[in-house]
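Participant: Got a predicted structure plus its sequence, pasted below:
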Amino acid sequence: IIPLPTKSISPDLVTTSIEVACGNSNERVENHSFRSLTKEDIQSLSDLFSLSDEVRRRAQEDFGKYHGVVLVADNKIVGAATFYFAYSTWDGRILYVDCIEAGNIDADEISLIYTLCDVALQLECQRLVWQHYEQKKELYKSLGAQTLDGWLTLRMESDGMNAFLSGRSIDVPHATGRLDFEIEKFILAAIDANSSALRDADLRLRLAAANDVEVIEGLVMGLALYEKEPESVHIKKEHYLVDGYNNKENPWFRCLLLEDLKTKRPCGIAVFYFGYKVDRGSFLYLEDLYIEKECRGRSGGTLIMSTLASVAKILNCDGFVWQALDWNTPALTFYKKIGANVQDGLLTTRFVGEAMVEFLKQRP
């Protein structure tokens, strides 16, 4: 079991961690320097990341929803990486790399990955994760990173979410106020809007609270058993309490529980968070979806997915994203039915736990 985190995430802590990591990297390189990404840097990143004017403007407006590190040589940005924070119900905190680009110079890209790994460890993250296509696989393998086999990334675009919700006659509530400060209010509104379309009156969906962490722990283990990996769960209810409920301003994740009113107990779970891609904007990521066998076939899964699609729409997310195992035919059939598309060729690579520490020890 992983030790409980001791640091509560905050913008100031993130900034400090990036600065320290950049300082550590600067001690090891010549003719280059690392520093935190600033809002003013976005203009310079347009060429590096091939951003259109519209995307660049949005990335500038949304600065703060993501973080980054830049690599500078001769007063010019020659490499950069952006990232956001994610969560695993099996391992806990994740630093998720969105874009990493260093002009096809592998040594510079590797230096950026070392720096990001340093940031991740300072913030007590247990995973450093990024996605890529086949051409980079051997480079990352040479670093000792693990590329996942059998995992598919699925995405529902904004138009797909609209079609899914309109097909269920869901009237998505109109958001007013500060979207980033009132997320819980909008989640509750989405639950109400979607619950009216549920055919089974004996099922109820609700937002999990701090006193539900034992239930969350049990359902997470149920999913791990279903995926034949119970030994891969390294955190417990205390971690969910610290990361999900002790810091109300910056929770690492949010959770929905599906309840069977006949048995008066939770029988399903959806754990999710919000990420940011510089080239596409905000998105809702579904980390876990699991419904116990006795509650399947009662439209609980559709209720959860339509509720999360509604949340994504209310909060102006560009997409709704999740992953599934390629052998899970029932799930893949369901996801295709509701309008999700597999992101062909997209691979997920990561360092986990002690592998992050060992990787950072290799830094020249």
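Facilitator: Looks like it arrived, so ask away.

Participant: quick one: buried residues of the strand or helix carrying residue 12?
Facilitator: For residue 12, the element it lies in under DSSP states H and E is helix 11-26. For helix 11-26, the neighbour count (16 or more other Cβ atoms under 10 Å) marks 14, 17, 18, 21, 22, 24, 25 as buried. All C-beta atoms are positioned from the backbone trio N, CA, C, and that covers glycine.

Participant: Save those residues as CSV, and put in pLDDT and distance to residue 266 too.
Facilitator: Listed next are the buried residues of helix 11-26 as CSV, based on pLDDT from 0 to 100; distance: Cβ to Cβ, whole Å:
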residue, pLDDT, distance to residue 266
14, 97, 33
17, 98, 36
18, 98, 38
21, 98, 40
22, 98, 44
24, 97, 44
25, 96, 45
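
Participant: which other residues reach the helix holding residue 12?
Facilitator: 7, 33-36, 64, 67, 69, 111, 114-116, 118-119, 122-123, 363 (Cβ atoms under 8 Å, 6 or more residues apart in numbering).

Participant: try 6 Å this time
Facilitator: Around helix 11-26, the neighbours that count as contacts under Cβ atoms under 6 Å, 6 or more residues apart in numbering are 33, 34, 35, 36, 67, 115, 118, 119, 122, 123.

Participant: continuing past it, what's the next helix or strand?
Facilitator: Immediately after helix 11-26, counting by DSSP H and E, sits strand 33-36.

Participant: other SSEs contacting that next one?
Facilitator: Contacting strand 33-36 under the criterion 3 or more Cβ pairs under 6 Å, 6 or more residues apart in numbering; DSSP states H and E are the following elements: helix 11-26, strand 67-73.

Participant: so is the nearest residue to residue 71 once chain neighbours are set aside in a helix, a strand, or just coil?
Facilitator: Distances taken as Cβ to Cβ, 6 or more residues apart in numbering put residue 79 closest to residue 71, at 3.5 Å, once the chain neighbours are dropped. Three-state call for residue 79 (DSSP: H, G, I helix; E, B strand; the rest coil): strand.

Participant: thinking again about what came up before, can you list the buried residues of helix 11-26 in TSV and add distance to residue 99?
Facilitator: As requested, the buried residues of helix 11-26 are exported to TSV (distance: Cβ to Cβ, whole Å):
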residue	distance to residue 99
14	17
17	19
18	16
21	18
22	17
24	22
25	18
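
Participant: Out of those residues, which is nearest to residue 156?
Facilitator: residue 14 (29.0 Å; Cβ to Cβ).

Participant: Against residue 21, how distant is that closest one?
Facilitator: 11 Å (Cβ to Cβ, to the nearest Å).

Participant: any idea which element the residue positioned nearest the centre of the chain lies in?
Facilitator: Nearest to the mean C-alpha position of the chain, by Cα atoms, centre = their mean, lies residue 86 at 3.9 Å. In this structure, residue 86 sits in strand 76-88 according to DSSP H and E.

Participant: got the contact list for that strand?
Facilitator: 44-45, 48, 66-71, 94-100, 102-103, 108, 112, 116, 252-253, 273, 275-276, 278.

Participant: again, only using 7 Å
Facilitator: Residues outside strand 76-88 that contact it (Cβ atoms under 7 Å, 6 or more residues apart in numbering): 9, 37, 41, 44-45, 48, 66-72, 93-103, 108-109, 112, 116, 127, 243, 252-253, 273, 275-276, 278, 285, 287.

Participant: any idea where the strands of the stretch 151-300 of the chain begin and end?
Facilitator: 151-157, 203-207, 254-260, 265-277, 281-291 (DSSP state E, counting those that start in this stretch).
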